[in-house]
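below are the sequence and a predicted model for it; my questions follow.
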Number of protein chains: 2
Amino acid sequence: MTRSEENYIKTIFHLGGSDSVPIATNAIAEQMETKPSSVTDMAKKLAEKGLVHYKKYQGVSLTDIGVKTALSIIRKHRLWEVFLVKKLDFSWDEVHEVAEQLEHIKSEKLIDKIDELLDFPKFDPHGDPIPSKDGKFMIRDKQLLSDVPIHTDGVCVGVKDTSPTFLKFLDKNNIALGNTIRILDKEEFDQSLHIQMDGKELHISHQIASNLYVKLND
Amino acid sequence: MTRSEENYIKTIFHLGGSDSVPIATNAIAEQMETKPSSVTDMAKKLAEKGLVHYKKYQGVSLTDIGVKTALSIIRKHRLWEVFLVKKLDFSWDEVHEVAEQLEHIKSEKLIDKIDELLDFPKFDPHGDPIPSKDGKFMIRDKQLLSDVPIHTDGVCVGVKDTSPTFLKFLDKNNIALGNTIRILDKEEFDQSLHIQMDGKELHISHQIASNLYVKLND
DNA sequence: AATTAAATTTAGACAAAACTAAAAATTTGT
DNA sequence: ACAAATTTTTAGTTTTGTCTAAATTTAATT
């Protein structure tokens, strides 16, 4: 597998092509900041190798082998992210770019040892699940903060937007994964929320709330 | 810098092209298991970029910038080797292949943090010096065991041959860096040595002795 | 010094991965 | 249902790094 092939497989997975829902050439091109014609070329190549289903004009979806491959790459990406944060004191807005490179290192032993060093983490620094060696991963029941009814209690467990801008904003406001959260009130006119997070009170916009995942207390 | 460019720079350095001693096209090709014509192409490109001196038919040597670049790559390679051995329990015969990949990861912060995590090691698992951030490195006065006079005491500080075969052989015979060594006797007819290493007595061939570096006790 | 041998470079080709521009298929709108 | 708009594919180029085969330069030998 070349680096480029791996990036295509990963992108198709993220766009939902794992459930044999075919993904449009255009969508892949846009996501990867490339041209549709390049996607067509690669689709043929990956189909040839048995990694994707592809019929002309019908879009692309991953085969079982394709899904396994995608999960293996995502596993590597997310484990490296945890490594960077936990062992090298990177902040969560710095890890993506480096992990994009590290995920392509070819060594089964390396990633298994990293996994072990980190004590087999189940989630990455943004709250996304880390697939195990055999491709299984936890699906945590979580909801967008913006979808949660008023006066609810929960824990912040993930972010939807993982852009450095958003993550740095959260840092600045002391919003971090693991924080307890209570929704005090919601403004009607702009959907902004008054919340209590780890004691302190905060007022956050709908934009923010709709990019934060919480797990409700049971 | 592409990966390929980096590999050429590194190879030229290792062949001695750092002291503006020009290296033959053929020598580079052989070392890299490629063809001389490919080397010529790359030599032009690297000269264009100011990384090497190159005149037709006259061989290639590194410029100051080329040397700096080479040292930076070697620094990364050797730090990753230490990381693999010290933090992930790789054995010294397994690290080269993986480090060959890791050395091309582009992130200044990453390698500096790895350096810090390892407590700024000065030598890699094979006893080779690790250049600092600014390109300086220790030159330890060491000699090949085969060149050392009889009845001398020293410490094993490095290997010349770093092939897995040789390294595994050393493991099997409990020969490791840091071991104290004393030369008891030398057989005239085959230059083989009777040595004492960490207590135990050993009989080793000239082949072995000429690939082990020792530092003599002062 | 001339000739042979060896090393090096040139020229032309190829594969991978991308692109542009044009053609073809599909989807949409009325 | 049919024309228009959109999406997708094809065909032909480009770039990077490699190769082979032929030509050229340098080195070695007699």
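Perfect, thanks for sending it.

longest helix of chain A?
When chain A is parsed with DSSP state H, its longest helix is helix A:64-88.

does the following helix or strand past it reach DNA strand C?
Beyond helix A:64-88 on the C-terminal side, the first helix or strand identified by DSSP states H and E is helix A:95-102. No - Helix A:95-102 lies out of reach of DNA strand C by Cβ under 7 Å from any atom of the strand, never closer than 13.2 Å. To be clear about C-beta, it is placed using only N, CA and C from the backbone, and glycine gets the same treatment.

so helix A:95-102 versus helix B:95-102, what angle?
Angle, helix A:95-102 to helix B:95-102, by axes from the mean of the first three to the mean of the last three Cα atoms, to 10 degrees: 130 degrees.

helix A:95-102 vs chain B: in contact?
Yes - contact of helix A:95-102 with chain B (Cβ under 8 Å from any Cβ of the partner chain) involves A:97, A:98, A:101, A:102.

which of the residues you listed tops the neighbour count?
Sorting the residues of helix A:95-102 next to chain B by how many neighbours each has (other Cβ atoms under 10 Å in any protein chain shown) puts residue A:102 first, at 23 neighbours.

which residue comes closest to that residue once chain neighbours are left out?
residue A:80 (4.2 Å; Cβ to Cβ, 6 or more residues apart in numbering or on different chains).

before we move on, back to that, in the longest helix of chain A, which residues are buried?
Using 16 or more other Cβ atoms under 10 Å in any protein chain shown as the test for burial, helix A:64-88 gives A:66-67, A:69-85, A:88.

what about residue A:139, distance to residue B:128?
47 Å (Cβ to Cβ, to the nearest Å).

over to the closest residue to residue A:200 other than its chain neighbours. Which of the three states is it?
Leaving aside its chain neighbours, residue A:200 sits nearest to residue A:174 (7.2 Å; criterion: Cβ to Cβ, 6+ apart). Following DSSP: H, G, I helix; E, B strand; the rest coil, residue A:174 is assigned to coil.

list the contacts for residue A:174?
Neighbour list for residue A:174: A:197, A:198, A:200 [criterion: Cβ atoms under 8 Å, 6 or more residues apart in numbering or on different chains].

specify the beta-bridge partners of the first one.
Looking back up the chat, that one is residue A:197. On the basis of DSSP bridges, residue A:197 is bridged to residue A:181, residue A:200.

residue ranges for the strands of chain A, please.
A:52-54, A:60-62, A:143-144, A:153-159, A:180-186, A:193-197, A:200-204, A:212-216 (DSSP state E).

do I have it right that residue A:40 meets residue A:24?
No - counting by Cβ atoms under 8 Å, residue A:40 sits too far from residue A:24 to count as a contact (11.3 Å).

need the residues of chain A near chain B, please.
Counting by Cβ under 8 Å from any Cβ, the residues of chain A near chain B are A:84, A:87-90, A:94, A:97-98, A:101-102, A:105-107, A:109-110, A:113-114, A:117.

make it 10 Å
Within chain A, the residues that sit near chain B (Cβ under 10 Å from any Cβ of the partner chain) are A:3, A:84, A:87-90, A:94, A:97-98, A:101-102, A:104-107, A:109-110, A:112-114, A:116-117.

which residue does chain A have closest to DNA strand C?
residue A:2 (3.0 Å; Cβ to the nearest atom of the strand).

list the contacts of that residue.
Residues in contact with residue A:2 (Cβ atoms under 10 Å, 6 or more residues apart in numbering or on different chains) are A:8, A:42, A:45, A:104.

quickly check those residues for the two that are furthest apart.
A:45 and A:104 (17.4 Å; Cβ to Cβ).

if I pick residue A:215, what's in contact with it?
A:127, A:140, A:141, A:142, A:143, A:154, A:155, A:156, A:157, A:158, A:181.

neighbour count and pLDDT for those residues - can I get that in CSV?
CSV is the format used below for the contacts of residue A:215 (neighbours: other Cβ atoms under 10 Å in any protein chain shown; pLDDT from 0 to 100):
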residue, neighbour count, pLDDT
A:127, 20, 98
A:140, 14, 94
A:141, 8, 93
A:142, 17, 96
A:143, 16, 96
A:154, 20, 95
A:155, 15, 97
A:156, 23, 97
A:157, 20, 98
A:158, 21, 98
A:181, 24, 95
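
quick one on the thing from earlier: and residue A:139 and residue B:128? Which one has more around it.
residue B:128 (17 against 6).

pLDDT score assigned to that one?
Note on residue B:128: pLDDT of 98.

isn't it right up against residue B:79?
No - with contact defined as Cβ atoms under 10 Å, residue B:128 does not count as touching residue B:79 (11.5 Å).

from residue B:215, how far out is residue A:88?
For residue A:88, the distance to residue B:215 - Cβ to Cβ - is 33 Å.
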